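Undergrad: A predicted structure for the sequence below; I have some questions about it.
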Amino acid sequence: MNFKHLNFSAVLLVAVLAGCNGQPSAKENAGADSSSAPVLEDNTPAPDSAKVVALLTELYNDYVFGRKEFDRSAADYFCTKKMADELQTAYEYEGGGYAVWKFRTPAQDGAQGDGLKYVSKKAPNVYTAGIVDNGVKASADFYFACQNGDFKIDSVTVSCDQ
C-alpha cells in the first residue's frame, strides 16, 4: 500500500469535511478593484444560494425596511464580527445601536414600493440585492465570509442605479 497517497487522501478528506471551521475564510482582494472585497479561499466551500437569499430577504424585510430592531442578537446572526463592529461604530446616536442604513441608499425613508426586489449570485461569495429606497433603485453587493461554521455578511457596498 502506498502511504503517500493514503496520507494525502486523508488530509484532503479532513479538509473537505472541515469546510468552514470557525475561522473567517475571507482574505482581502488585492486585484484591480481598490475596494477591500473579501474573496473565498480556494479550499472553502461557497455559501448555499438558497440560504443566502433567505438571509438577505429576512434582513431587508424584517430589519432594514421592516420594524424589527437590529440588536446584538441580529448582528451576531447576520454579520461577521468585523461587519457588526463596523455597524456599531457607525451608529451615531445616544444609547448605542447598529447603523443598518449602511444596507440602504442615502435617499432612505419614503415611497411606496420601497424594499427588496431581488437577490442574485454575482460570485461564489458575493450576492447582489436589488432594492428600491425612497423611489431610488440601487444594488447592494454583499460579501460573505465563514464564521463559526456559518456564512455571514462580511462587507457591503451599496450603489445607486442611474
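TA: Good, I have the coordinates. Note that this is a predicted model, so its numbers are computed, not measured.
Undergrad: Double-check that G66 belongs to a helix.
TA: No - applying DSSP: H, G, I helix; E, B strand; the rest coil, one finds G66 to be coil, outside a helix.
Undergrad: Tell me the confidence at the closest residue to it other than its chain neighbours?
TA: Leaving aside its sequence neighbours, G66 sits nearest to Y60 (CB to CB, 6 or more residues apart in numbering; 7.8 Å). Bear in mind the C-beta positions are built from the backbone N, C-alpha and C, glycine included. With respect to pLDDT, Y60 scores 96.
Undergrad: Sketch out the low-pLDDT regions of this protein for me.
TA: For the chain, applying pLDDT under 70 flags the ranges 1-45, 108-112, 162.
Undergrad: Which residue ranges of it form strands?
TA: For the chain, the strands defined by DSSP state E occupy 26-28, 38-40, 115-123, 126-133, 136-147, 150-160.
Undergrad: Give me the helices and strands touching the fourth one, please.
TA: The reference is to strand 126-133. Applying 3 or more CB pairs under 8 Å, 6 or more residues apart in numbering; DSSP states H and E, one finds that strand 126-133 makes contact with helix 49-58, strand 115-123, strand 136-147.
Undergrad: ditto for the last one
TA: Applying 3+ CB pairs under 8 Å, 6+ apart, one finds that strand 150-160 makes contact with helix 72-78, helix 81-90, strand 136-147.
Undergrad: With mean neighbour count and distance to V126 added, can I get these in a markdown table?
TA: As requested, the helices and strands packed on strand 150-160 are exported to a markdown table (neighbours: other CB atoms under 10 Å; distance: least, CB to CB, whole Å):
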| stretch | mean neighbour count | distance to V126 |
| --- | --- | --- |
| helix 72-78 | 16 | 16 |
| helix 81-90 | 16 | 14 |
| strand 136-147 | 22 | 6 |
